[in-house]
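Asker: Sharing a sequence plus its predicted fold:
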Amino acid sequence: MKKWTLIHRGKPDVTDETEKFKLSPEISQILENRNINSEEEIKLFTNPSLDYLRDPFLMKDMGKAAERIKKAIELNERVWIYGDYDVDGVSSTSVLLTYFRSINFDVKYYIPNRLEEGYGINKEAIEYINSEGCDLIISVDCGITSVDEVEYANELGIEMIITDHHECQSEIPNAYAVVNPKQDDCNYPFDMLCGCGIAFKLVQALTPPEVFKTTVYDYIEIATLATICDIVPLVDENRIIVKNGLKAMKNGHNLGLSELINVCGVDKEKIGSSHIGFTIGPRINAAGRLGFSDLGVELFTATDKDTAHEIALALDEKNNDRQMIEMKIHHEAETIIKNDPSYEDDKVIVLAHEGWQHGVIGIVASKLTEKYYKPTILMCIEDGEATGSARSIKGFSIFDALTECADILTKFGGHEQAAGLSISADKVPELRRRINESADINLTEEDMIEEIKVEYELDEKSANFDLIEELRKLEPFGMSNPTPKFILRDCILRDMRFMGQNKQHIKLEIEKESVFECVGFNAAHLIDGLKNGDRIDVLFQLDENTFMGKRKLQFLVKDLRLAYPKSATTNMDAVKLMNELIPDNENSMYNVESLEGSGLGHIDIEGKRVENIFDFIKDDTLVIANSINGFFRAKSDLTLLEEDIEIYFKEIDENDKKHSKIHLIFSPNIDKIDVKRYNNIILYDYLYTRDDYVNLYSKVENKCEIIKNYNEIDKIYIKSIMENIVPTRNEFVNIYRYVTKNRGIKVRMDDTMNIFKMIPLKLFAIIKIFKELGLFDVAIDERDFVNVEMLPKPDSKLDLNRSKILINLNQIREKAKEIYNV
């Protein structure tokens, strides 16, 4: 189950800064949710003009690198570009190659074969480049960890300029210039450019500013592709690049990319970051994964339309091949995981297998990480060496974890969330053990639950086409600027059906004031166990669907859950609640002495559910629930908050050292709660008696507000408890006879209606009373079975009237008549 976190609790609103830009409350709120608050930040986000590109010479060694390249051009030196085989590396190579060709300077490029050489600079490649003749190598999207390889190039008399964006290790290569904003002593204001972003900045540094204003469009489409596909934050300069690059793509300035877009069947007028990330990018990556990276470079630098079209078709075909290989590896990896129970306990999945193509396993690692929400390392074994890719989850730096294992790795490199590595095959078990030891220290159980950030709770009346148009102003979406997600709660599920060849997609119809159409891709698992008529909470992205010229509002479902427990008797928490609801024989659970002489006069106990309860949740808030429904309603609300929540039953332990802002208590004894410590008290249910209200109001201080977040429907639930809380004599007799005849019972709570013809709450009351009188021994196991065993028959005759629990229950029901007419 995923954790939903509400970023903003109330209705969307404007700030003083956003008001200056005349932004709607919806856009203003989402910008605030993304911590875009200052006037300068808002201006850059809402108007990401190319004029706001930063001075490239602020980056360490950029001036040094530019001067060395200009010298090479002046002296007509032999220059090579050393790239990488993924989208970022291919794009970086293409950007520099396009620049040099634009000034008629001949350069060569080298991209290592993924299947034969793997990632990064290698000595064999340098030997080859040297044999072909070389004075200067410019690396793009690689090289920051290539200490030995750069030293080898220096020995051969080849100077190197490293341009990279990957994480730096303890030693920086001894290159002529190292351009990487992640260096500790680099003061460039933005360090989250992709590799192609660094190459783009290098071209900016090499080009006079007045010229770059025009020639920027020769590079920006390719830089946009790389920025989206390398999953870097789409803020600051990355947003400038992508926003302007997507506009340029509509005009098809880059011939090769334009042909690939056409082959993919994407409408250029509607092209967005999702098309790039999920349709265009994978076709460039596919070529690199299968050892044909040159195809991507040749496509992006093509000057002939027919040639570009042929390459685009070839890339499309390679992508189909990649998909078949990927499916096979994915199936084999899943089989290993399912057949080995030890993977259930591992926080990091580590798999190595012969025959897997390491060019494709990165995609499979991503899919396994997404499915299991665990960091994943997949490796292929060949000639005793395991080479592979790693993907991670929020809160766990896979790069740092691999650094801890550096002594057993042949080589590695990457980022916090993704990395590449190679290791001797016989050391894979040790890697699995050590990296899981690291995860055990650094990842809590809560970290292993995927969190979905929700902008705010959407009012059903606000879900309309106007909001969709407003949200488009926030595009392009991606890392650090995700597509806004909203929740709509307590909807009635009217209809649901499966879609797709394998029934992996769903289509729903939900109702809350209006009827909304929902679709969920690869979301069939979300409706397991649901039926029409259930009340559900839906987490979604707002979208539209156009069919035969007709626009229709549509929710893209990302997650959903029952608004309330489907059945109180099939939920372990509910079983515990029912057990707590019946007072024990030591203390009265409720204050039953009259407080009529308190002098408080009439207290209005009627309430109305609050439209936005989050407005009332402050530091030191007490939330009270008296019914199972009220408890789960409160819990559903509170789990959307990021604050710590402590749950109590009956009483609050004042010696508890936990300092949670919010306390949720179920069926409390009001008389034993220090209410003066709270700033707000929220009631999710009617209290049991009028005296409970008097008691509560008499103890609160002026600073404390009591919010009655309930209505007549909630009153019915409490009334039901009051009506059923006292068993009849016949019901006592029937249960006693059944237990005696069967020498005990073991029953699931959802079977009580069928077996005993009574609700679970009443059964709890009976067995707890018999336990008090020494007839039964009762236990509840972790599977919510109630186990009742007969004890030796007492010498004295059974007298139900001796039960303090029964006396207490009768007193409660008697006092409840004042409110509930039971």
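Answerer: Looks like it came in fine.

Asker: Run through the neighbouring helices and strands of the helix or strand harbouring S698.
Answerer: Assigning secondary structure by DSSP states H and E places S698 in helix 690-699. Contact analysis of helix 690-699 by 3 or more CB pairs under 8 Å, 6 or more residues apart in numbering; DSSP states H and E lists helix 804-820 as its packing neighbours. Placement of C-beta: from N, CA and C, glycine included.

Asker: what helices or strands is the helix it packs on leaning on?
Answerer: Helix 804-820 packs on helix 690-699, helix 712-724, helix 760-772, going by 3+ CB pairs under 8 Å, 6+ apart.

Asker: isn't S397 right up against E416?
Answerer: Yes. S397 is within contact range of E416, at 4.2 Å (criterion: CB atoms under 8 Å).

Asker: Tell me which of the two has more neighbours.
Answerer: Neighbour count, other CB atoms under 10 Å: between S397 and E416, S397 has more, with 18 against 15.

Asker: List the contacts of the more buried one.
Answerer: E416, Q417 (CB atoms under 8 Å, 6 or more residues apart in numbering).

Asker: quick one: it and I613, what's the gap?
Answerer: Distance from S397 to I613, counting by CB to CB, to the nearest Å: 37 Å.

Asker: show me where the stretch 451-600 of the chain has strands.
Answerer: 451-454, 456-457, 486-499, 505-512, 514-520, 535-547, 550-562 (DSSP state E, counting those that start in this stretch).

Asker: Just confirm A125 contacts Y82, I think it does.
Answerer: Yes. At 7.3 Å, A125 counts as touching Y82 under the criterion of CB under 8 Å.

Asker: Have a look at those two and say which one is more surrounded.
Answerer: The neighbour comparison of A125 against Y82 (other CB under 10 Å) goes to Y82, with 32 against 19.

Asker: Kindly state the pLDDT recorded for that one?
Answerer: On the pLDDT scale, Y82 is placed at 98.

Asker: try T303
Answerer: pLDDT, T303: 94.

Asker: ok, back up a step: what sits in contact with each of A125 and Y82?
Answerer: Contacts common to A125 and Y82, judged by CB under 8 Å, 6+ apart, are Y110.

Asker: Quick one: low-confidence residue ranges for this structure.
Answerer: Along the chain, segments meeting pLDDT under 70 span 564-603, 642, 654-660, 748-754, 780-785, 821-822.

Asker: Break it into its domains for me.
Answerer: For the chain, automatic domain parsing gives the domain ranges 3-47+452-562, 51-318, 340-448, 583-711, 722-820.

Asker: quick one on the thing from earlier: same list, the helices and strands packed on helix 804-820, but as JSON lines with mean neighbour count and distance to D345 please.
Answerer: Below are the helices and strands packed on helix 804-820 laid out as JSON lines (neighbours: other CB atoms under 10 Å; distance: least, CB to CB, whole Å):
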{"stretch": "helix 690-699", "mean neighbour count": "20", "distance to D345": "47"}
{"stretch": "helix 712-724", "mean neighbour count": "17", "distance to D345": "41"}
{"stretch": "helix 760-772", "mean neighbour count": "22", "distance to D345": "34"}
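
Asker: Show me what the longest helix along the chain is packed against.
Answerer: Ranked by residue count under DSSP state H, the longest helix found in the chain is helix 305-339. Secondary-structure packing of helix 305-339 (3+ CB pairs under 8 Å, 6+ apart): helix 255-263, helix 281-289, helix 294-300, strand 349-354, helix 361-372.

Asker: And those: which comes nearest S131?
Answerer: helix 294-300 (19.0 Å; CB to CB).

Asker: Dump the closest one to CSV, keeping only the CA atoms.
Answerer: Taking Å, rounded to 0.1, in the frame of the first residue of the first chain, the C-alpha atoms of helix 294-300 are listed here in CSV:
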residue,chain,number,x,y,z
ASP,A,294,26.2,5.4,-33.9
LEU,A,295,22.7,5.3,-35.3
GLY,A,296,21.5,7.9,-32.8
VAL,A,297,24.4,10.3,-33.6
GLU,A,298,23.9,9.8,-37.4
LEU,A,299,20.2,10.5,-37.0
PHE,A,300,20.7,13.8,-35.0
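
Asker: could you say what helices and strands it packs with?
Answerer: Partner elements for helix 294-300 (3+ CB pairs under 8 Å, 6+ apart): helix 87-102, helix 255-263, helix 281-289, helix 305-339.

Asker: Which strands or helices does the second one pack on?
Answerer: Counting contacts by 3+ CB pairs under 8 Å, 6+ apart, helix 255-263 is packed against helix 220-229, helix 236-251, helix 294-300, helix 305-339.

Asker: Could I get the buried residue list for the next helix or strand after that helix?
Answerer: Sequence-wise, the next helix or strand beyond helix 255-263 is helix 273-275, with elements assigned using DSSP H and E. For helix 273-275, the neighbour count (16 or more other CB atoms under 10 Å) marks S273, H275 as buried.

Asker: what about the closest residue to S462 other than its chain neighbours, neighbour count?
Answerer: Using CB to CB, 6 or more residues apart in numbering and skipping residues adjacent in sequence, the residue nearest S462 is E26, 7.6 Å away. Using other CB under 10 Å, E26 is surrounded by 23 other residues.

Asker: E26 is in contact with E470, isn't it?
Answerer: Yes. The criterion here is CB under 8 Å, and E26 meets it with E470 at 5.2 Å.

Asker: who's the nearest residue to S366 once chain neighbours are set aside bridged to?
Answerer: Excluding its sequence neighbours, the residue lying closest to S366 (CB to CB, 6+ apart) is R391, at 5.0 Å. As for beta bridges, R391 partners with T376, A418 under DSSP bridges.

Asker: ok, back up a step: which parts of the longest helix of the chain count as buried, going by neighbours?
Answerer: Buried, per 16+ other CB under 10 Å, within helix 305-339: 308-309, 311-312, 314-315, 318-319, 322, 325-326, 329-330, 333, 337.

Asker: Now do that helix against helix 281-289, angle only.
Answerer: 80 degrees (axes from the mean of the first three to the mean of the last three CA atoms, to 10 degrees).

Asker: What is the helix or strand just after helix 305-339 packed up against?
Answerer: Per DSSP H and E, the first helix or strand lying C-terminal to helix 305-339 is helix 342-345. If contacts are counted by 3+ CB pairs under 8 Å, 6+ apart, helix 342-345 sits against no helix or strand.

Asker: Give me the contact list for helix 342-345.
Answerer: Helix 342-345 has contacts (CB under 8 Å, 6+ apart) with I336, I337, I349.

Asker: now do 7 Å
Answerer: I337, I349 (CB atoms under 7 Å, 6 or more residues apart in numbering).

Asker: buried ones in it?
Answerer: So helix 342-345, judged by 16+ other CB under 10 Å, has buried residues Y343.

Asker: Figure out how far it is from the centre of its chain.
Answerer: Per CA atoms, centre = their mean, to the nearest Å, the displacement of helix 342-345 from the mean C-alpha position of its chain is 22 Å.

Asker: Dump it to PDB, restricted to CA.
Answerer: Only the C-alpha atoms of helix 342-345 are listed here, as PDB (Å, rounded to 0.1, in the frame of the first residue of the first chain):
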ATOM      1  CA  SER A 342      15.000 -14.900   0.900                       C
ATOM      2  CA  TYR A 343      14.400 -12.000  -1.500                       C
ATOM      3  CA  GLU A 344      11.300 -11.100   0.600                       C
ATOM      4  CA  ASP A 345      13.600 -10.100   3.500                       C
END
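
Asker: rewinding a little: now the helices and strands packed on helix 294-300 in CSV, with distance to L683?
Answerer: Putting the helices and strands packed on helix 294-300 into CSV (distance: least, CB to CB, whole Å) gives the following:
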stretch, distance to L683
helix 87-102, 55
helix 255-263, 58
helix 281-289, 52
helix 305-339, 47
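
Asker: what about the residue nearest to S462, distance to T483?
Answerer: 14 Å.

Asker: Then K374?
Answerer: From K374 over to T483 (counting by CB to CB), the distance is 24 Å.

Asker: Then L257?
Answerer: Taking CB to CB as the measure, L257 falls 23 Å from T483.
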